[in-house]
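Engineer: Build me a model from this:
(chains A, B and C)
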Amino acid sequence: MTSAYAATPGGLLLVLAVMLPAAAVLAMLVLGPRRTRVVALATLALGLVVALAIGLELVRSGTALIYVLGNWQPPLGIALRADGLSVMMLAVTAVVMAATGLFARDLFGLDLATADGRLGTSFWTLLMGLWSGLNLVFVSQDLFNLYVALELLTFAAVPLVCLDGRGETMAAALRYLMFALLGSMLYLLGAGLLYGAYGTLDIRLIASASQHGPAMAIALALMIPGLLAKAALFPLHLWLPPAHAGAPAAASAVLSALVIKAPVFLILRLVADIAPPGSAAVAGQVLAVLGAASILFCSIMALRQERLKLMIAYSTVAQIGYLFIVFPLAGVGDGTAPWGTIAWTGGALQLTSHALAKAAMFMAAGIVAEAVGHDRIRDLGGFGRAPPLPPPTFGWAGLSLMGIPPSGGFIAKCLLLTAAAIGGHLWLALTILAGGLLAGGYVFPVMDRALATPAEPLLLRKPIPLRLELVPLVLAVLAVALGFLPLAPFGLLQIGRPDIALAVSP
Amino acid sequence: MSLVFDMALVAGLIALALHVVVTRDGRGAILAFMAFGLLLGIGWARLASVDVALTEAAIGGGLTGMLLLRAQAHLVRHAAHPAALPTDRRRWLVPALSCGLVTLALAAVVLAFPRPAPSLAHQAVASLEATGLGNPVTAVLLAYRAIDTLLEKIVLILALVGVWSLSRDAAWGGASQLRPAIIPEPLVFLARVMPPFGVLIAVYQVWVGADLPGGTFQAGTILAAMALLVMLAGLRLAPQTQSRALRLMLAGGPALFVLVGFLGVAVAQGFLSYPEAIAKPLIVGIEAALTLSIAGTLALLVAGPPDRAPEP
Amino acid sequence: MSAIALTSASLFGLCGAALVGIGLFCILTHPDLLRRIIGFNILGAGIFLVFGAVARRGAAMGLSGDPVPQAMVITGIVVAFAATALAIALLRRLASLTGSATLEAATPPRSET
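Structural biologist: Residues are numbered from 1 along each chain as shown, chains lettered A, B, ... in the order given. Just a heads-up that it's a prediction; the model follows:
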């Protein structure tokens, strides 16, 4: 059979990317609260090295990394595979995770009573669970294995939301859990239908099937909405703002920057890799309409928020919208290879720059809330004087969200806009422009507050160490620096991409 | 004839499910759901999946029911009376129609599945020899798709960490209060008589699971039920969640699984592959350790967040 | 397609389809959160029965069913139990803190509308 996976050198690195954080969860359980943080920081360092090694191996070999677990070939067994896009996701995840780890160490260190207590210990364990789940989402080739990955994410992400133990965040976490579970179950049901029709859950094998019955269409119609509920695309976004705003800042950063990207990544794989062209084109159109609605509606909602963290959370839903308008812009489903288009590159850049910028923003907001004791935008006048670095962090990250040069977000939105103009998608072009203006509408007032001179100076609850403030600033600067990156490395995205092109041709 | 029996079974399942949704009686809904779980177990036996039937009856009918009943008792004490289904037609008509549409679409797919049905039974049986096992379901769970089983254990542990994180700060690391105020005499009797049998059945399940239906999940669930019975009857206190021994038991199974997995990199054909000569003993060893871990995790998930401050 | 012989496998598959609809309806409309959690379990049971029908259809080689979907159902049942446990722990804590077992009453009125 030509479809057999041949393990590549370095394939074992993919196993490490998934298993290191999973093993850390076990180690933390056994070693207890005192050593949890040390285990987490060691794992973060090792994981960063693994991600780097995976990137180097991809560039060196120029092909996707593959590993066949237990040497059992699909369809009976499960294969892991990382192409350029997966490796980009692994790398962004590792960077944001490492930054979150440094940030959380100092944030929880502020309060020695809780550092080794319930909040800190639970946070570190769940963070490692998240990381394992994320990495598995990016490399697994098997739809049921991906279900397990989604559940790793659910069970790690939901308790993070209500770590502060207030009734309000309990309700937010419970609503999040309901949406996430419904999403997983619809996904699982779709996977079951696909197995019934194709006798395999391997993405490559399903994609190479020549005939599609009703199972494929129904399965996609179940799985994609299920994943949308997890990705919080409009109109399934209601759970996200209270959940992401209520979590501790370090958790919000990971949830907003990374966790919701996992279902987006899976939708991309379903639509671009599995769906037959006709279905893919229809799905792409629907997703683009929802994405555009997300951008407009949730940007306006962000404008109207009175609390800083809620505003940032609504902004997340709006920014996720951009990822969905990529489908028609990249011509998914019209028979050409979407990964060679500028819209595809723009989408990847948007995903990366949003991850960095949003993590930076949530951390900066967390510092302000920690220092001042609240995050009501109206009462934050002059917050730029107290801890000095959050305002520039906020501003630099804001550049990416608005799409103002120089920033990664600018290049991303510029590429998407160009693609819309070339493809004659006027309504999408207008949406992108309006989204940028609206983002300006919610970022500038906060900057204005930061620089304002209040009638009475803000009272600081506690001093903030400079090291804590530096982490988000670095992330925000990275988001801007993406704008200076020559686009050539994004050729990386094409490595290993036309995985199934050969199998499809007769 | 058997088709008539199946039809009656299916009708019973659907009727019970509908009753669970529409009844106004909260406790009645839970009891109906437990009956549903038992009936479903029979359904799985009719589908000739004895492994699943055992799991479904033990978890779906037993442990989930216990969780729900305890939660219901708690909610009656602490929360306002829960609302019933909306009677206003505009509130339920659209969801009802959409759900009906999903059912119809699914039914169409189920009836249109290709025939002959695609199946991995051939490959699963052909590869059995390399694992030394006789039960193909166990081979799928512990060899062909071992990564699913391993990571699902991590999911269980994350769920437990999540449940523990819901405790008050002062109680975190302590034990759950499982013992009710009044313990019915029959419960104490059961808790004294049942556990030896439960342990025996569990050991048997793990032992035969390699070749016959049964295995680590079923055995773990039975052990969890026995542990809960003993704690509910007040014969033993629930363990402190900070106890090192307890945590070693919880992590031991998956940790051994990970270690053997990486051992495969060195001495077999990669991560999670077993050296053929000792595949069976390795798998049975992993299963034994996993059984204890699963039993502990499931029992503690039912017990819920700790609510008594830890004692050193 | 002309002759759909109603086998035991398709019968349970259809039962699964019905249970999926009933479970979904419960999740979408029931205001009582505990009942919604039971709805998730009914939905799960329906999904697993669809897997069961697929497994039974795949009977071959002297096996009574395809072991791969059977194994997936066992994994799925355990995960569904863990989800139920987490949801119930959250619900109990919510009820203790706010005295309410619904999401509607527990969230403060939305200021933006």
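Engineer: How about the secondary structure of the residue in chain B that chain A sits nearest to?
Structural biologist: Nearest residue of chain B to chain A, counting by Cβ to the nearest Cβ: residue B:118, 2.4 Å away. No exception for glycine: its C-beta is placed from N, CA and C like everyone else's. State at residue B:118, reduced to three classes by DSSP: H, G, I helix; E, B strand; the rest coil: coil.
Engineer: Mind pulling the model confidence for it?
Structural biologist: pLDDT, residue B:118: 91.
Engineer: can you check the one 10 residues further on too?
Structural biologist: Per-residue confidence (pLDDT) for residue B:128: 89.
Engineer: excluding its backbone neighbours, what's nearest it?
Structural biologist: residue B:139 (5.7 Å; Cβ to Cβ, 6 or more residues apart in numbering or on different chains).
Engineer: The one you found sits in which helix or strand?
Structural biologist: According to DSSP states H and E, residue B:139 maps onto helix B:136-139.
Engineer: Check which helices and strands that helix sits against.
Structural biologist: The contact analysis (3 or more Cβ pairs under 8 Å, 6 or more residues apart in numbering or on different chains; DSSP states H and E) places helix B:136-139 against helix B:121-126, helix B:128-131, helix C:67-98.
Engineer: And for it, what's in contact with it?
Structural biologist: For helix B:136-139, the surrounding residues in contact (Cβ atoms under 8 Å, 6 or more residues apart in numbering or on different chains) are B:51, B:121, B:124-125, B:127-128, B:131, B:133, B:209-210, B:213, B:215, B:283, B:287, C:63, C:67, C:70-71, C:74.
Engineer: Just checking, which helix or strand succeeds that helix along the chain?
Structural biologist: By DSSP H and E, the next helix or strand past helix B:136-139 is helix B:146-164.
Engineer: does any bit of that next one sit next to chain A?
Structural biologist: Yes: on the criterion Cβ under 8 Å from any Cβ of the partner chain, helix B:146-164 is in touch with chain A at B:146-148, B:150-152, B:154-155, B:157-159, B:161-164.
Engineer: Mind checking the pLDDT average for that helix?
Structural biologist: The model assigns helix B:146-164 a mean pLDDT of 96.
Engineer: So the helix or strand just after it, near chain C or not?
Structural biologist: Remark: after helix B:146-164, the chain's next helix or strand is helix B:185-209, criterion DSSP H and E. No: using Cβ under 8 Å from any Cβ, we find that helix B:185-209 stays clear of chain C, coming within 11.2 Å at best.
Engineer: what packs against helix B:185-209?
Structural biologist: helix B:216-232, helix B:279-303.
Engineer: do you know which of those helices lies nearest residue A:433?
Structural biologist: helix B:279-303 (50.4 Å; Cβ to Cβ).
Engineer: Remind me what that closest one packs against, helices and strands.
Structural biologist: So helix B:279-303, by 3+ Cβ pairs under 8 Å, 6+ apart, packs with helix B:64-78, helix B:128-131, helix B:146-164, helix B:185-209, helix B:216-232, helix B:244-267, helix C:67-98.
Engineer: Once you drop chain neighbours, what's closest to residue B:53?
Structural biologist: For residue B:53, the spatially nearest residue (Cβ to Cβ, 6+ apart) is residue B:44, at 3.7 Å.
Engineer: tell me the contacts of that neighbour?
Structural biologist: So residue B:44 contacts B:50, B:52-53, B:56, C:52 (Cβ under 8 Å, 6+ apart).
Engineer: same check, this time on residue A:123
Structural biologist: Here residue A:123 is in contact with A:104, A:108, A:160, A:163, A:248, A:250-251 (Cβ under 8 Å, 6+ apart).
Engineer: residue ranges with poor pLDDT in chain A?
Structural biologist: A:1-3, A:112-115, A:335, A:455, A:486-490, A:498-506 (pLDDT under 70).
Engineer: So which residues on it come close to chain C?
Structural biologist: A:76, A:144, A:148, A:151, A:154-155, A:158-159, A:162, A:165-168, A:170-175, A:177-178, A:181-182, A:185, A:188-189, A:192-193, A:195-196, A:199, A:242, A:301, A:304-306.
Engineer: let's see 6 Å
Structural biologist: Chain A comes close to chain C at residues A:144, A:151, A:167, A:170-171, A:173-175, A:177, A:181, A:185, A:188-189, A:192, A:195-196, A:304, as judged by Cβ under 6 Å from any Cβ of the partner chain.
Engineer: Can you read off the pLDDT for residue B:1?
Structural biologist: Looking at residue B:1, the pLDDT reads 61.
Engineer: Now that the residue of chain B closest to chain A has come up, it's in contact with residue A:197, right?
Structural biologist: No: using Cβ atoms under 6 Å, residue B:118 is not in contact with residue A:197; the gap is 7.6 Å.
Engineer: Those two: which has the busier surroundings?
Structural biologist: residue A:197 (25 against 19; other Cβ atoms under 10 Å in any protein chain shown).
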